[in-house]
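Engineer: Here is the input, now give the coordinates:
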Amino acid sequence: MKKILFPTDFSLCAENAFNYAILLAGELNAVIDVVNIYSLPFVDATNVPPEYIEQMLEEKRKMVESKLAAFANKNIHKNVGELISVYGIFVPQEISDLVKEQQYDLVVMGTRGEHHSTMEKILGSITTNTMMTAGCPTLAVPEEAIWKDVGHIAFATDFEAKDKQALEQLMAFAGTLSANVHFIHVETKPGIGTMESTVMLANYPYKFSDFAVINSPTVIEGIDRYIHDKRIDILALYIPKRGLWERLFHNSFSKKMAFHTRTPLLIFHG
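Structural biologist: Presented below is the predicted three-dimensional model:
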């Protein structure tokens with residue numbers, strides 16, 4: 001992952017995530033570009049001269065470029081690349097289009113986690129909707145997260161073949177960071193698996209430091225306990241492809257984790 005895109009809204013949450021992203025880019029020897037997607041307040045175009053709208057757009061673009069420079073200059077670093085301003089209405093789609101056009105390997109964004117509004121938790125925040133559409137792996141960095149060397153990554157799995165594409169990318173990512181990958185599966189039925197049950201799969205095609213089957217009343221509780229006990233630095237999940245309606249309204253486990261976790265969440269797409 002040598003090319004990273006960092007979308008920002010200039011918030012304190014974004015600043016914290018950018019600090020994390022800069023240090024991660026250094027470990028990956030990657031270049032990180034910073035983008036802000038901006039728009040104008042709603043105006044009735046039928047009553048506003050076109051030249052006035054163009055002037056508003058130009059003024060907004062200049063303001064955004066100035067804020068991008070100030071934002072990036074707080075973290076002067078050789079790994080910072082381009083500062084990009086893009087006009088757009090639906091931010092996740094604009095990010096997705098930019099990822100495709102410029103062939104980014106990773107998107108890193110901040111997330112307010114449990115501090116999101118009720119409406120955002122229902123319809124999704126910009127970060128969770130980007131996770132569903134980005135077209136490349138997305139790392140959501142909670143506002144409480146502080147950078148430390150990544151030594152342990154947990155990948156939650158249901159033993160399905162669809163994991164293959166995600167795992168190939170995850171193994172390359174972990175290898176660059178010299179991190180151990182811990183495979184975990186959570187069973188919510190009583191008596192099926194216990195904490196520290198280890199399943200050694202002789203024919204499993206990927207290396208891992210351990211493979212745990214965890215019994216817990218809920219998947220989130222089981223993963224939380226594992227993250228705490230094993231001091232996991234990044235939690236990795238896989239999201240299968242979904243249509244637009246599902247991306248906007250599907251109450252997925254990945255979205256729940258993004259609103260819940262205090263550990264950086266790495267999402268891979270089908």
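
Engineer: which SSE is residue 127 in?
Structural biologist: According to DSSP states H and E, residue 127 maps onto helix 126-133.

Engineer: now residue 141
Structural biologist: Here residue 141 sits within strand 138-142, counting by DSSP H and E.

Engineer: Residue 262 - that's part of a strand, no?
Structural biologist: No. If the criterion is DSSP: H, G, I helix; E, B strand; the rest coil, then residue 262 is coil and not within a strand.

Engineer: Quick check, it in contact with residue 144.
Structural biologist: Yes. Assessed by CB atoms under 8 Å, residue 262 is found in contact with residue 144 at 5.1 Å. Placement of C-beta: from N, CA and C, glycine included.

Engineer: Can you show me the helices along the stretch 1-150 of the chain?
Structural biologist: 12-28, 50-73, 91-102, 118-123, 126-133 (DSSP state H, counting those that start in this stretch).

Engineer: Lowest average pLDDT across these?
Structural biologist: Comparing mean pLDDT across these, the weakest is helix 118-123, with a mean of 39.

Engineer: show me what contacts residue 3?
Structural biologist: 30-31, 33, 102-106 (CB atoms under 8 Å, 6 or more residues apart in numbering).

Engineer: got the buried residues for stretch 79-96?
Structural biologist: 79-81, 83-86, 91-92, 94-96 (16 or more other CB atoms under 10 Å).

Engineer: Just the terminal-to-terminal distance for that stretch.
Structural biologist: 22 Å (CA to CA, to the nearest Å).

Engineer: Excluding its own residues, what touches that stretch? List them.
Structural biologist: Outside of stretch 79-96, the residues within contact range by CB under 8 Å, 6+ apart are 5, 7, 22, 25-26, 29-39, 57, 60-61, 64-65, 68-69, 72, 98, 107, 126, 129-130, 132-135.

Engineer: Buried subset of these as a ChimeraX selection?
Structural biologist: Buried residues among those (16+ other CB under 10 Å), as a ChimeraX selection:
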select :5,7,22,25,30,32,33,34,35,36,37,38,60,64,68,72,98,107,126,129,130,132,133,134,135
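
Engineer: any weak-confidence spans in the protein?
Structural biologist: Filtered on pLDDT under 70, the chain yields the residue ranges 42-48, 75-76, 113-124, 161, 190-209, 240-260, 270.
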